[in-house]
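A.B. asks: Kindly return the folded structure for what I paste below:
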Amino acid sequence: MQASYSFRLLFILPWYTAFALCSKLLSGGTIVAFDRASGLFNVIRNGSLLVEEGRITSVSENPLPADIPEGVEVVDCTEKIITPGFVDTHRHGWQTVYKTLGSNTTLAEYTARYSASVALSLFTPDDVYISQLTGIYEAQAAGVTTILDHAHHTWTKEHASAGWRASVDSGARIFFAYTLQNTRTDFQIPQQMEHWKELAASSPANLSTLSLSYDDFTDGAAAITQSVVKLAKDSNVPVFTCHQVEGPWLSGNTPEDIYSAGLLNSSIPVVISHAAFLTARGAQLLRSTNQYMSTTPESEMHYGHGHPSNHLVLDQAALGVDTHFTFSTDILTQARIWLQSVRERLYGEIVIDRWQIPDSNPMSVNQAFLLATRNGGLALGREDIGVIEVDAVADLVVWDGRSPALLGWTDPIAAVILHASVGDIEHVLVNGEFVKRDKKLVVEGYAQVQDRFLSAARRIQAKLKAIPLPPQVGEFSAGSSYGAVQQVDVLRGSGTGYGPSYV
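C.D. replies: Okay, the predicted model is just below:
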């Protein structure tokens, strides 16, 4: 069954996968290059960068260098901004078919209604495939060029394989973190580990990379946990990821838990998603082991995870999207929301708590841009991702500097972080090849992808809408009690304006 996914959808693959990589010169743009000496940026105006064999081989202050190799395609980027592609360090791609169903959901409702623990009956392997594939294309259109996908649709071999094949077939740069979990009695972690080994042994030479995820580190000495750690170490997995949502959620997987299991202090990059209620000890462990958390600002605000301490550990942080069926699919939005929420929080300590006037702005656009690009690469253990410099991968976004939103810009980083939208993205390149050009996805047969996706989405959404919403009373599964939330009013009299969900 597994082989059918790739053969059935060969006609929708990006056209460039069948050919050798084409050299390109992006000419005349303003380049947000990386300055390794300072750890910040070197803005080059009216410059150029040369892309060969999927990598950046030259960054020049001359729009048309004299030594351009023969046969290079020159791409005019005059009055445009060239940045590295965005890095998303936490996403669940298989959930794309749920689009707009969770607009007012809480984390407790998500757990009982949309999470991997309850979704198996809704999805065929084909559904997983097309949902994952369509979600990846959506992300690339938004300038996301690298994704760490926490793939917890591993209910059966067929479902797990479908998400992996979709990632491979997309031609995208995906770190596919196969989740080891006991959601079924007939396909548990030992069987999943054997399946992971089978997939790893037959992985194609492709931008997608098979990784691992696991969410039960609370007892680090448990035999099953130690077997997972052993698999990760023996296989030297590219990345390992897990969720941490502490506080009243009591999910575990803290840096302390992962350290005690013997994984945090290994050479394997570990990404802890959300890191909600991170402690000072946990923060120190992240720093001492040089491991990273993935902050997903819109998700954590939407669901009510709580992230009271994440702003204190941004030196070991990157950004993620999480459940993109519920809100934005792009890292730009996450960077902007996080920047302004940190500013608001730290301003409040001066203005509200002390009645003083702020003497500076607490966080800069440069820092937000680093979180969205360079720090994402570091979280994945890749110095060559999320930066523009010689020998970095050619994952690039070209912004239309004459769009209504950007017209008149002078600081390219401020223009992107505070003024741009995904509608201003003109081109996106992954590994030196266009995946979006002239504001359109470069996917042959994309209309057929849309049709297949809509068919799956309508069927799955209809099934889900027929299931009553789970009551949120008494105690949550972790043991914490539910509490009444104050809802704001925007209408006087008989209604609050909260209204129904129009699904």
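
A.B. asks: What distance do you get for the closest residue to residue 489 other than its chain neighbours to residue 76?
C.D. replies: Excluding its sequence neighbours, the residue lying closest to residue 489 (CB to CB, 6 or more residues apart in numbering) is residue 496, at 4.6 Å. For every residue, glycine as well, the C-beta is placed using N, CA and C. Noted for residue 496: a distance of 53 Å to residue 76, by CB to CB, to the nearest Å.

A.B. asks: Then residue 364?
C.D. replies: Distance, residue 364 to residue 76, by CB to CB: 31 Å.

A.B. asks: Looking at the two, which is more packed in?
C.D. replies: residue 364 (16 against 12; other CB atoms under 10 Å).

A.B. asks: give the contact list for residue 31.
C.D. replies: Applying CB atoms under 8 Å, 6 or more residues apart in numbering, we find residue 31 in contact with 43-44, 47-49, 59, 82, 388.

A.B. asks: now it: how far from residue 201?
C.D. replies: Distance from residue 31 to residue 201, by CB to CB: 41 Å.

A.B. asks: Now do the contacts for the residue nearest to residue 489.
C.D. replies: Counted by CB under 8 Å, 6+ apart, residue 496 has contacts 487-490.

A.B. asks: As TSV, these with pLDDT, neighbour count and secondary structure would be great.
C.D. replies: Formatted as TSV, these follow (pLDDT from 0 to 100; neighbours: other CB atoms under 10 Å; DSSP: H, G, I helix; E, B strand; the rest coil):
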residue	pLDDT	neighbour count	secondary structure
487	87	9	coil
488	88	7	coil
489	89	11	coil
490	90	10	coil
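
A.B. asks: got a list of what the residue nearest to the spatial centre of the chain touches?
C.D. replies: Nearest to the mean C-alpha position of the chain, by CA atoms, centre = their mean, lies residue 88 at 2.6 Å. By CB under 8 Å, 6+ apart, residue 88 lies in contact with 139, 144, 146-148, 319-321, 331, 376.

A.B. asks: How much space separates residue 47 from residue 30?
C.D. replies: 7 Å.

A.B. asks: ok, now residue 167?
C.D. replies: Per CB to CB, residue 167 is found 33 Å from residue 30.

A.B. asks: Could you check which of the two has the larger neighbour count?
C.D. replies: Between residue 167 and residue 30, residue 167 has the larger neighbour count (other CB under 10 Å), namely 27 against 24.

A.B. asks: ok now do that one, which residues does it touch?
C.D. replies: 93, 132, 136, 149, 174, 176, 208.

A.B. asks: Could you export the strand or helix carrying it as PDB, CA atoms only?
C.D. replies: Per DSSP states H and E, residue 167 falls inside helix 157-170. What follows is helix 157-170, C-alpha atoms only, in PDB (Å, rounded to 0.1, in the frame of the first residue of the first chain):
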ATOM      1  CA  LYS A 157       2.200   1.600   9.000                       C
ATOM      2  CA  GLU A 158       0.100   2.800   6.200                       C
ATOM      3  CA  HIS A 159      -0.900   6.100   7.800                       C
ATOM      4  CA  ALA A 160       2.700   6.800   8.900                       C
ATOM      5  CA  SER A 161       4.100   5.900   5.500                       C
ATOM      6  CA  ALA A 162       1.600   8.200   3.800                       C
ATOM      7  CA  GLY A 163       2.700  11.300   5.700                       C
ATOM      8  CA  TRP A 164       6.400  10.500   5.000                       C
ATOM      9  CA  ARG A 165       5.800   9.900   1.300                       C
ATOM     10  CA  ALA A 166       3.900  13.200   1.000                       C
ATOM     11  CA  SER A 167       6.800  15.000   2.600                       C
ATOM     12  CA  VAL A 168       9.300  13.300   0.200                       C
ATOM     13  CA  ASP A 169       7.100  13.900  -2.900                       C
ATOM     14  CA  SER A 170       6.600  17.600  -2.100                       C
END
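
A.B. asks: Contacts for stretch 353-372 next, please.
C.D. replies: Counting by CB under 8 Å, 6+ apart, 32, 40-41, 83, 86-87, 295, 314, 317-319, 331-332, 334-336, 338-339, 342-343, 346-347, 350-351, 411, 413-414, 416-418 sit against stretch 353-372.

A.B. asks: any idea how far residue 189 is from the closest residue in space to residue 117 that isn't next to it in sequence?
C.D. replies: Nearest non-adjacent residue to residue 117, counting by CB to CB, 6+ apart: residue 183, 5.7 Å away. The gap separating residue 183 from residue 189 is 10 Å, by CB to CB.

A.B. asks: Check residue 230 too.
C.D. replies: Distance from residue 230 to residue 189, by CB to CB: 12 Å.

A.B. asks: Neighbour count for these two, which is higher?
C.D. replies: Using other CB under 10 Å as the criterion, residue 230 and residue 189 rank with residue 189 on top: 20 against 13.

A.B. asks: who are the neighbours in contact with that one?
C.D. replies: With contact set as CB under 8 Å, 6+ apart, residue 189 has these partners: 180-182, 224, 227-228.

A.B. asks: circling back to that earlier point, show me the contacts of stretch 353-372 that map onto strands.
C.D. replies: Secondary structure defined by DSSP state E assigns 32, 40-41, 83, 86-87, 295, 317-319 of the contacts of stretch 353-372 to strands.

A.B. asks: these two touch, right, residue 181 and residue 196?
C.D. replies: No. The criterion here is CB atoms under 8 Å, and residue 181 misses it with residue 196 at 12.0 Å.

A.B. asks: between the two, who's got more neighbours?
C.D. replies: Using other CB under 10 Å, the more surrounded residue of residue 181 and residue 196 is residue 196, with 23 against 19.

A.B. asks: What is the neighbour count of residue 380?
C.D. replies: Counted with other CB under 10 Å, residue 380 comes out at 25.

A.B. asks: what's the distance between it and residue 175?
C.D. replies: 6 Å.

A.B. asks: Wait, residue 95 touches residue 114, no?
C.D. replies: Yes. The pair residue 95 / residue 114 is scored as a contact, 6.7 Å apart, by CB under 8 Å.

A.B. asks: Looking at the two, which is more packed in?
C.D. replies: A side-by-side neighbour count of residue 95 and residue 114, using other CB under 10 Å, places residue 95 first with 27 against 21.

A.B. asks: So that one: helix, strand or coil?
C.D. replies: Assigned by DSSP: H, G, I helix; E, B strand; the rest coil, the conformation of residue 95 is helix.

A.B. asks: got a list of what the residue lying closest to it once chain neighbours are set aside touches?
C.D. replies: The shortest distance from residue 95 to any non-neighbouring residue, by CB to CB, 6+ apart, is to residue 325 (4.8 Å). When contacts are counted by CB under 8 Å, 6+ apart, residue 325 touches 95-102, 114.

A.B. asks: Just say helix, strand or coil for residue 325.
C.D. replies: Following three-state DSSP, we place residue 325 in the coil state.

A.B. asks: helix or strand for residue 193, which one?
C.D. replies: helix 189-201.

A.B. asks: Buried residues of that helix, list them for me.
C.D. replies: By neighbour count on 16 or more other CB atoms under 10 Å, the buried set for helix 189-201 is 189, 192-193, 195-196, 199-200.

A.B. asks: residue boundaries of the helices in this structure?
C.D. replies: For the chain, the helices defined by DSSP state H occupy 2-8, 107-113, 125-141, 157-170, 189-201, 223-235, 255-260, 280-289, 297-303, 331-351, 365-372, 374-379, 412-414, 446-465.

A.B. asks: Format the ones you listed as a markdown table; extra columns: mean pLDDT and distance to residue 405.
C.D. replies: Listed next are those as a markdown table, based on pLDDT from 0 to 100; distance: least, CB to CB, whole Å:
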| stretch | mean pLDDT | distance to residue 405 |
| --- | --- | --- |
| helix 2-8 | 36 | 39 |
| helix 107-113 | 92 | 32 |
| helix 125-141 | 98 | 17 |
| helix 157-170 | 97 | 28 |
| helix 189-201 | 97 | 42 |
| helix 223-235 | 97 | 43 |
| helix 255-260 | 97 | 39 |
| helix 280-289 | 98 | 36 |
| helix 297-303 | 97 | 20 |
| helix 331-351 | 97 | 12 |
| helix 365-372 | 98 | 15 |
| helix 374-379 | 98 | 24 |
| helix 412-414 | 98 | 12 |
| helix 446-465 | 97 | 25 |
